[in-house]
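no sequence on this one, just coordinates:
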RNA sequence: GGGCCCAUAGCUUAGCUUGGUUGGAGCACCCGGCUGAUAACCGGGAGGUCACCGGUCCGAAUCCGGUUGGGCCCA
């Protein structure tokens, strides 16, 4: 197992994982391995190929991918073909936009072939683009073989299905009123209509009652353009209508309306006086006649004949809305059509495809667009005295879901699937489907099916599956059901495109009259295409084997809008063709909405680009977030913050892994070589607890996955990793792993740790496929080749121990409270505490805790554990007697006060013992007095130095008394910590040995003496001395409490030698250490020594010695060349002090950065701008502040109250000033300012600089600033050293240990400033930006300028805040420009927010990507 | 207007099936701590009218009815 040094950097990791999959053909292998399993048919709901993917699409595919991967791990043979819906209006509309085409006519004049070809190209282009994007998400579907709805085999399956309908007499042509898009000039299915608010006229029209004077039916409509088509009016038979006399000014008229609306009428129309003359039931009005108000303008209205023309009809569908009298235009509404049909009214529909009136309507309106004719008709109504009242209304109105234009209803001939004829079968089929969640099927889908109407499947368009129908003049019809059949057509050319317009040219000879049959030009609704995908993708019926093997689909998942879409179209076509649902189970998922809960919209800029997220935080983080954030069936309010949180979780997992591999690799732990069974007896309770958790987790996750509750599954894993593994188990085992030498106890910990990690990554593999792959490769030594080849783990109940889990829960609960008590008492965890006494509620609690005693004590640094049995009090509680003077006084009068004093001085315990028996006797002045229970009471208090707290199953007492021994131990731990800190500052390898010298006061020496061994062991100090003046490579003055302490640490540099030695077979780390101690501390000395020399070292056998020698002197190898001269790196070599106290340059004429382009030219007199009232603006800004991300309401109010009342003021604010003035934290202040700098980019500011690829810049130009974006600062150092070689003076600021950097990049005498909190000469504290900027200023102002490399921006940002650092960079950049110098800044993209990166990029002249 | 779903801290959410001590987390905020997993992590604090109204019940975030608001689907 390899030791992992890298931090979790998802971008690189995921790139590597993907290239591994590709190179090793992992996907193919995993699939192949599954072939033996039971078939599991998954089918992908095909997305339209109309653009890039959005978060919703990403979520959809991640759900699919996760489940598919899970099923594979279960050993199923999963068919995972993705699909694309490439036909249809969605694409036609896009292509029309691209080509600038506005109407069908233009398409036809430019050529259908050209249009269709463009559609195809467009669809293919986006198919490829979307595929790439899905791959970036780590989605494993069979991308090489997607099903495409445009392919001939697919088209043939569609035709075959249609043929089934035809043969079953479920396909018909009909003359009906349908939703119609006047822009696209086609009929629309119900599923293709979107509703949203539209403002329309709302008019009340007077229909004069035949044979009466000034009497009218009052009819209400929002579509004036349908009035010319009016043929009747309808009332509800049961409603009560009123004839009212309405007086406006001097005129009075009689109106017939719904009685309950009379009052409303008065209000809306400004009627002066209104009274009800009489009332009547709707049914009584039936049969009354009226005169059409526009008879003279619409000739048809004069000719219209029929019993019910222009008469009052009754209909139950009439509502109490408005006047309760509905105008009926049978040609303009489906319900009107039905009513008209019932009453023998003609469906007069004088509107053409483009939504213009035809000549039938009469000269007045012919040729006008119907919606645009509204005002004309309204005017005519007014002029005809027929307009009672006009207003506008905002109501939900249908729109074409592709071009977004309002729909109209008109009558046309269309092809229908007679869904209503087999609705019962569809309902029955739906009942066989298992829906997740259950109500999606039993309520939603069911409801939709119940309301379903016949499905109009024909479209008058171009890019779609052609309707395979040929017709003859004689009425004969032919429905082609396969490509084979099509081949018999006249004009068929082998391999021809079966789309329009080519297919239009094919003809058949009529088998009845021998004339030529020609194709009906319509294409099919795309929903029909998608509906048949489960067999069309199997090329059924052209080939049958595949179908028999797979069909029907086991599981599908799509969003809830597919209730009317794909869920439905599949059900209908499935029942049509096979009389069953094509899918067995469905997961209905939600929609991704904006954080405000609105639908994401690209045009409004509220859509989130998943690719951008993948590129900054990684696909795994996005996937984990999408799955864990919410139950799949709820809507997701997408928050980028959530993705970051997921990223943090993965980082924790990675850190546990890093931690584990560190020790496992040192000890060469081989997980495969240790079976759990074989170390069973070495397991501590801690380990058994962890194993129990592992098995419980497997169970929990499997159960959740099985019912597609992916949120529960992922949350359970996350909780396990973060809470159980990272926060607890790792803490428990840390000391065991740190121990040197072989040890079964350590082995047990390794095994359990490994098992926990392994389980985590196995369960996570379907969710986060990349990070788990990377970890698997190392943890399992690449066996099997990929984590995705592992079987799904079964839970082994024998390891589950609920009691133990409960007990550990208590330990953790108590530990938390101990931490709290320590905090209150100001005793940190390094200082041991004498004992804890736990009073338990039940004996079981004590049993549970005593088993976990070690964990409890070690985790809390407590020396001893004691219990107080259930039901008893702790006997060390200090009991005190409280005399009751009243009761005593009554009996003993003058002695009362004396008795009280005596009682207080006696041992309270003895008194209590007596009282408990009934009484207590006391001698006073030779008399014996008896104290009765009513004379005293007792109280118990905590002994000194004891704190207590209650936990859920009892109370504990923490004895905080310090003794010299405890203090010494605490002190030693403080020293250990400091040495460790120094080792880390020096970037020493964990295995490296050191020499430590310490100087402290008398007390320190006394304290440390007994702990020397422990300190040496913990810090890997081969020598540890208490001296007067410590010397060494790295010296730091510390103080512990009030004790000053100087520590010097020197690296012994034997790591290399150790590594070399342990590479020799048979040489354990222990033996290697012995050799090093025996003088072989360098590789050179190893090479120089003989076999015999080695054998002299204690603990080294002759065999070992031989092996070592052979290792360095392979027999057949020629004498090794003399080793290159060892380069003794002068480590402590202090660079020239960065800050010189002399010759500071005169700061007097510092040129102002970026001279402000203020024009003082004689400007034309400004237009007299009306001064805006300031108040509302301010208030708006406060509201805006409150709405900012990361700013809570009180903070916003504080900022505002502090006087930052405009965006400009805030933008210009200094973060620290703002923080101080407003009394808020710096990070809040930074966020506020950041927002405004970012949100309001200076209009006059520089455009975003050019981004150059890495190797292109070899020559840096003076006076320029560069930002180098790379994961590790390598290119930047390369650029830096190149400049140095050319003789430039350099100045390097880094977060890394300077000596390391200096030798790694061979920086010679270039000053290296260390960003560190260690107080050293050439170090600058990361918070001390002033010192940093001063140092840089001095360097830059030197003669000739130079090059500055700033490596550690992220560190500066985390220690200060972004805006402050940005301002520093701005000033640096300006100075660089003035002083002919160069500024290089290295930054790791993934550590910054994208807008922060933008801001940085904006400040520099060039951005280089490394 | 109808069907379905949703409403819990500033934000995202758990708990609701089966009513029961003090409604849990995460983020953000404030204070503190830890330090060989560490640009990580931990503890504490503050923050809740469980949308609203009514009902059932000894007891309601939870069950029932209604209202309001949001999402999806329809009319």
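Nice, I can see it. Since the structure is predicted, the reported quantities are computational estimates derived from the model, not experimental observations. Residues are numbered from 1 along each chain as shown, chains lettered A, B, ... in the order given.

Is residue A:830 in a helix, a strand, or coil?
At residue A:830, secondary structure determined by DSSP: H, G, I helix; E, B strand; the rest coil is coil.

count of residues packed around it?
Using other CB atoms under 10 Å, residue A:830 has 16 other residues around it. C-betas here are computed from N, CA, C, even on glycine.

How much space separates it from residue A:1043?
14 Å (CB to CB, to the nearest Å).

Then residue A:769?
Distance from residue A:769 to residue A:1043, by CB to CB: 53 Å.

Which residue of the two possesses the greater neighbour count?
Comparing residue A:769 with residue A:1043 by neighbour count (other CB under 10 Å), the higher total belongs to residue A:769, at 26 against 15.

give the contact list for that one.
A:17, A:65, A:69, A:138, A:140, A:620, A:623, A:787, A:788 (CB atoms under 8 Å, 6 or more residues apart in numbering).

got those as JSON lines, with neighbour count, pLDDT and secondary structure columns?
Formatted as JSON lines, the contacts of residue A:769 follow (neighbours: other CB atoms under 10 Å; pLDDT from 0 to 100; DSSP: H, G, I helix; E, B strand; the rest coil):
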{"residue": "A:17", "neighbour count": "24", "pLDDT": "94", "secondary structure": "helix"}
{"residue": "A:65", "neighbour count": "21", "pLDDT": "95", "secondary structure": "helix"}
{"residue": "A:69", "neighbour count": "22", "pLDDT": "96", "secondary structure": "helix"}
{"residue": "A:138", "neighbour count": "25", "pLDDT": "94", "secondary structure": "coil"}
{"residue": "A:140", "neighbour count": "24", "pLDDT": "95", "secondary structure": "coil"}
{"residue": "A:620", "neighbour count": "30", "pLDDT": "93", "secondary structure": "helix"}
{"residue": "A:623", "neighbour count": "30", "pLDDT": "92", "secondary structure": "helix"}
{"residue": "A:787", "neighbour count": "28", "pLDDT": "94", "secondary structure": "helix"}
{"residue": "A:788", "neighbour count": "24", "pLDDT": "95", "secondary structure": "helix"}
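
Can you pull the poorly scored residue ranges out of the stretch 1301-1410 of chain A?
Across the stretch 1301-1410 of chain A, residues meeting the criterion (pLDDT under 70) sit at A:1316-1323, A:1325-1328, A:1343, A:1358-1364, A:1389-1396, A:1410.

Residue of it nearest RNA strand B, please.
Distances between the stretch 1301-1410 of chain A and RNA strand B by CB to the nearest atom of the strand are smallest at residue A:1354, namely 2.5 Å.

ok, now the stretch 851-1000 of chain A?
Counting by CB to the nearest atom of the strand, the stretch 851-1000 of chain A gets nearest RNA strand B through residue A:983, at 2.5 Å.

Is that residue within a helix or a strand, and which one?
helix A:964-985 (DSSP states H and E).

got the angle for the following helix or strand past that helix vs helix A:964-985?
Per DSSP H and E, the first helix or strand lying C-terminal to helix A:964-985 is strand A:994-1000. If you take axes from the mean of the first three to the mean of the last three CA atoms, to 10 degrees, strand A:994-1000 sits at 130 degrees to helix A:964-985.

what's next to strand A:994-1000, contact-wise?
A:975, A:979, A:983, A:988, A:1004, A:1008, A:1015-1016, A:1019-1032, A:1043-1052.

Paired strands for it, with orientation please.
strand A:1021-1026 (parallel), strand A:1043-1051 (antiparallel) (DSSP bridges).

Quick one: mean pLDDT for whichever helix or strand comes after it?
As assigned by DSSP H and E, the chain's next helix or strand after strand A:994-1000 is helix A:1002-1008. The average of the pLDDT scores along helix A:1002-1008 is 82.

Which other helices and strands does helix A:1002-1008 contact?
Helices and strands touching helix A:1002-1008, by 3 or more CB pairs under 8 Å, 6 or more residues apart in numbering; DSSP states H and E, are helix A:964-985, strand A:994-1000, strand A:1043-1051.

in chain A, which helix or strand is least confident?
strand A:1251-1253 (a mean of 45; mean pLDDT, DSSP states H and E).

that older thread, any of the contacts of strand A:994-1000 buried? List them.
A:975, A:979, A:983, A:988, A:1004, A:1008, A:1015-1016, A:1019-1021, A:1024, A:1030, A:1032, A:1045-1052 (16 or more other CB atoms under 10 Å).

shaky segments in the stretch 101-250 of chain A?
In the stretch 101-250 of chain A, residues with pLDDT under 70: A:189-191.

how about stretch A:329-349: buried residues?
Within stretch A:329-349, the residues scored as buried using 16+ other CB under 10 Å are A:329-333, A:335-337, A:339-340, A:343, A:345, A:347-349.

now swap in stretch A:96-109 and tell me
A:96, A:101, A:104, A:107.

Within reach of RNA strand B, which of those residues are there?
For RNA strand B, no contacts are drawn from these by CB under 7 Å from any atom of the strand.

Sounds good, over and out.
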